[in-house]
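Chemist: this is a predicted model, with the sequence first.
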Amino acid sequence: MAWRVLEGGKADCVARRALRAATSRGGDHGRGADQPAEDERAQPIRPATVVVHGTIVGVLICTLGDLLLDVIVLTEGAAGPDSEGSVETRVGAGGQSANVAAWAAELGAESRFVGKRGSDGAAELTARELAGRGVEVLGPVEAGRSGVVVSLVSPDGNRTMLSDRGVSPFLRAEELEVRWFGGCDWLHLSGYSLLRRPIEEAAAKATGAVQAQGGRVSVDLATAAGIAEYGPERLLGRLELLRPDVVFANEGELAAIGGRVPGTLVLKRGANGFSADGQEHDALDADVVDTTGAGDALAAGYLVGGPELAAKAAARCVAQLGAMP
């Protein structure tokens, strides 16, 4: 199966995690990843057991990529030169990998985000919000600006996205602590983390660390335009080296990379649902407000609980304004 939810008698993995957590804790876990490496090594991170509605969920989802300031503008209609109008806005944490981490936590998994953050007020705001959603936020802080993504949402829920990734793509492999990925069942990589250096090298290091301990890897292709610019064959070669277990893509992204990917393909079709390893799944009924982040919610649901939870998470996401739960 492409997911793992442990219940009742299937809690052997949870028991091992609980034992590791009980024997490893002994210090302050409130320290940030930007503090001295000596302090971090002295206090290894271990996942804990989570109980959701009587079900023990022993899945730890780690994500690597962007934590951005998400500015969503819900417009009432078309705009043009010298025009005026009213909008509804939402400002908060965003970025594909951060969204997946937030939804994973919301759906009952343990969740951890790794990425480079800026030193400005936007970075502080987004890190605080993500942590408040139950996600452990790790990674270096660098002098510079946080990334921003602006989503213009039309009345029918469709959106146009404009992104400034700030310092996020400059995460270097040598800045990663392998222990950040300890106990990770799934590492989820945003496609954006494979299209720029040096973050693509950091993604490769994280992948190796997770696979070496028996964890699995998923990738969201993320951007058809980015794939075309980077080079489809070049990206496919990188994916084949990473050997992901699951690849998420929409039809445009799949076409951009040449129609094939390694691993299980989860093909997202918006209102027409999705397919997982060739099996079709319908989208659930929802009053669509904003499609921003629906694919991220679907990915989180799939990793935590499989296709059924993926469909439920996506339906919840499109019924609200904003990409996070």
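Modeler: Thanks, I have it.
Chemist: where do the strands sit along the stretch 51-200 of the chain?
Modeler: 55-57, 60-64, 68-75, 87-94, 110-114, 135-138, 148-153, 159-164, 186-190 (DSSP state E, counting those that start in this stretch).
Chemist: hey, least reliable of these by pLDDT?
Modeler: When the strands of the stretch 51-200 of the chain are compared by mean pLDDT, strand 55-57 comes last with a mean of 42.
Chemist: measure the residue lying closest to residue 181 once chain neighbours are set aside to residue 184 for me?
Modeler: Using C-beta to C-beta, 6 or more residues apart in numbering and skipping the chain neighbours, the partner closest in space to residue 181 is residue 209 (4.6 Å). C-beta: built from backbone N, CA, C; applies to glycine. According to C-beta to C-beta, to the nearest Å, residue 209 and residue 184 sit 8 Å apart.
Chemist: which pLDDT value goes with the residue nearest to residue 181?
Modeler: 97.
Chemist: same deal with residue 154?
Modeler: 80.
Chemist: ok, it - contacts?
Modeler: residue 75 (C-beta atoms under 8 Å, 6 or more residues apart in numbering).
Chemist: same check, this time on the one 4 residues further on
Modeler: Neighbour list for residue 158: residue 291 [criterion: C-beta under 8 Å, 6+ apart].
Chemist: where does pLDDT dip in this protein?
Modeler: 1-57, 77-83, 157 (pLDDT under 70).
Chemist: what residue is smack in the middle of it?
Modeler: The centre of the chain sits closest to residue 97, judged by C-alpha atoms, centre = their mean, with a distance of 2.5 Å.
Chemist: so how far is residue 278 from the closest residue to it other than its chain neighbours?
Modeler: Leaving aside its sequence neighbours, residue 97 sits nearest to residue 65 (C-beta to C-beta, 6+ apart; 3.0 Å). According to C-beta to C-beta, residue 65 stands 27 Å off from residue 278.
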